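>>> what's the 3D shape of this:
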Amino acid sequence: MLQYSCATKKENKRGKKVVNKYIYPGTNPEKADKVLFEVLDLCKEMKIEVYLIFGTLLGIYRDGSYLFDDNDIDLFIKTDKETRERFKKRLLKQNFELGTIPGSLPTINMHTIKDQIFIDIWIKMRESLMKYYIKTKEIKYKSRMVPIPEDAEGFLEASYGEWKKRIPKSANPFGK
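Residues are numbered from 1 along each chain as shown. The predicted model follows:
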């Protein structure tokens, strides 16, 4: 399994080599859309509930596109461990690479990359955000319908605070 890094450093703190071979979705939205739709289609086929979250939700909901400075696509899946393992196998079969980010917990999210587009797939969420995934809806993004929380604005407020205006890159979406 590869380690991915957002940094340009060739080694992490433990001296392990890391891979920095992905591009920001906002710099190549056509490529990012292809990868996003492939994951959404796989989830639909496998009957896995999936939703846009964090920067991906913010960009698509607020701006109609990916945030230019966001380094990944963020998704949340609701599934059991057995289905998640089958999902990982299907991703590999469809030429996605699975990897880790130094310091991340595999019980909270998993990381995959395809065609240089990095996807952060969350499997656990902060308790205060889970209430937004009880009910969902779809919005039109380009030619497709994509799943989001029914109260997307509440989720974005809980995640970012004032989300309607451009936030600094240094803002932490995981803060309270």
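
>>> Just give me the neighbour total for Lys137.
Neighbour count for Lys137, taken as other CB atoms under 10 Å: 12. No exception for glycine: its C-beta is placed from N, CA and C like everyone else's.

>>> correction: Glu30
7.

>>> tell me what the strand or helix carrying it is packed against?
Secondary structure from DSSP states H and E places Glu30 in helix 29-45. On a contact count with 3 or more CB pairs under 8 Å, 6 or more residues apart in numbering; DSSP states H and E, helix 29-45 meets strand 49-52, strand 73-78, helix 81-93, strand 117-122, strand 144-149.

>>> switch to 7 Å and redo it
Packing partners of helix 29-45 (3 or more CB pairs under 7 Å, 6 or more residues apart in numbering; DSSP states H and E): strand 73-78, strand 117-122.

>>> Tabulate those (TSV), appending mean pLDDT, distance to Val50 and mean neighbour count.
Supplementary listing: those in TSV, determined by pLDDT from 0 to 100; distance: least, CB to CB, whole Å; neighbours: other CB atoms under 10 Å:
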stretch	mean pLDDT	distance to Val50	mean neighbour count
strand 73-78	93	5	22
strand 117-122	92	8	22
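
>>> Identify whichever of the ones you listed lies nearest to Tyr133.
With CB to CB, the closest approach to Tyr133 among the helices and strands packed on helix 29-45 belongs to strand 73-78: 6.7 Å.

>>> what residues does that closest one touch?
With CB atoms under 7 Å, 6 or more residues apart in numbering as the test, strand 73-78 has contacts from 25, 32, 36, 39, 43, 48-56, 117, 119-123, 125, 133.

>>> ok now that strand, how far from the chain's centre?
Computed by CA atoms, centre = their mean, to the nearest Å, the chain-centroid distance of strand 73-78 equals 5 Å.

>>> Repeat that for stretch 148-158.
15 Å.

>>> Over to stretch 86-105?
Distance, centroid of stretch 86-105 to centroid of chain: 12 Å (CA atoms, centre = their mean).

>>> likewise stretch 37-46?
14 Å.

>>> And Asn109, how far from Phe76?
9 Å (CB to CB, to the nearest Å).

>>> Could you name every residue contacting both of those two?
Trp122.

>>> picking up where we left off before, may I see the buried residues of the helix holding Glu30?
Pro29, Ala32, Asp33, Val35, Leu36, Glu38, Val39, Leu40, Leu42, Cys43 (16 or more other CB atoms under 10 Å).

>>> same deal with stretch 144-162?
Within stretch 144-162, the residues that count as buried by 16+ other CB under 10 Å are Val146, Pro147, Ile148, Pro149, Asp151, Ala152, Phe155, Leu156, Ala158, Ser159, Tyr160.

>>> Extract the CA atoms of that stretch and return them as PDB.
Coordinates of each C-alpha in stretch 144-162 appear next as PDB, following Å, rounded to 0.1, in the frame of the first residue of the first chain:
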ATOM      1  CA  ARG A 144     -25.500  14.200 -13.200                       C
ATOM      2  CA  MET A 145     -27.300  14.100 -10.000                       C
ATOM      3  CA  VAL A 146     -25.000  13.900  -7.000                       C
ATOM      4  CA  PRO A 147     -25.900  13.000  -3.400                       C
ATOM      5  CA  ILE A 148     -25.500  15.500  -0.600                       C
ATOM      6  CA  PRO A 149     -26.900  16.000   2.900                       C
ATOM      7  CA  GLU A 150     -30.500  17.300   2.900                       C
ATOM      8  CA  ASP A 151     -29.300  20.100   5.100                       C
ATOM      9  CA  ALA A 152     -26.200  20.900   3.200                       C
ATOM     10  CA  GLU A 153     -26.000  24.400   4.500                       C
ATOM     11  CA  GLY A 154     -26.200  23.100   8.100                       C
ATOM     12  CA  PHE A 155     -23.400  20.700   7.400                       C
ATOM     13  CA  LEU A 156     -21.200  23.400   5.800                       C
ATOM     14  CA  GLU A 157     -21.900  25.700   8.700                       C
ATOM     15  CA  ALA A 158     -20.900  23.000  11.200                       C
ATOM     16  CA  SER A 159     -17.800  22.200   9.200                       C
ATOM     17  CA  TYR A 160     -16.600  25.600   8.200                       C
ATOM     18  CA  GLY A 161     -18.500  28.300  10.000                       C
ATOM     19  CA  GLU A 162     -19.100  31.100   7.500                       C
END
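
>>> That'll do, ta.
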